[in-house]
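**Q** here are the coordinates; sequence isn't available:
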């Protein structure tokens with residue numbers, strides 16, 4: 001009798017038998033960044049970016065709300081114009097700074 005009660009209690013599901021409920025996790029909203037350059041955005045890039053102390057693809061994406069390919073093109077354009085100066089040219093990360101008057 002006692003044996004039957006023990007097996008029944010074990011199979012009825014106490015604390016140990018409950019399954020762990022996993023959290024769903026947080027979902028990041030998809031960013032609505034610009035994928036084409038229009039005149040106001042181009043003017044903003046040409047005016048603001050050369051004043052940044054630290055310029056990288058990530059910074060342009062975050063501050064100007066453009067996608068990665070536009071950020072890379074903008075950086076290349078500004079470097080060609082001589083408005084920014086290269087610090088590090090790594091395969092994954094390009095780091096630039098503003099061109100100072102002494103350069």
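**A** Yep, it's here. Model, not experiment: these values are computed from the prediction.

**Q** Does residue 85 belong to a helix, a strand or coil?
**A** Reduced to three states with DSSP: H, G, I helix; E, B strand; the rest coil, the structure at residue 85 is strand.

**Q** Tell me the spacing between the residue most central in space within the chain and residue 71.
**A** Most central in the chain under CA atoms, centre = their mean is residue 58, positioned 7.0 Å from the mean C-alpha point. Distance of residue 58 to residue 71, computed by CB to CB, to the nearest Å: 8 Å. Every residue, glycine included, has its C-beta placed from N, CA and C.

**Q** Phi, psi for the residue nearest to the centre of the chain please.
**A** phi -60, psi -40 (degrees, to the nearest 10).

**Q** so what's it scoring on pLDDT?
**A** Each residue has a pLDDT score; the one for residue 58 is 92.

**Q** Can you point out the buried residues in the lengthiest helix in the chain?
**A** For the chain, the longest helix by residue count, based on DSSP state H, is helix 68-81. Going by neighbour count (16 or more other CB atoms under 10 Å), the buried part of helix 68-81 is 70, 71, 74, 75, 77, 78, 79.

**Q** helices or strands up against that helix?
**A** Of the remaining helices and strands, those touching helix 68-81 by 3 or more CB pairs under 8 Å, 6 or more residues apart in numbering; DSSP states H and E are helix 39-48, strand 55-56, helix 57-64, strand 84-89, strand 94-98.
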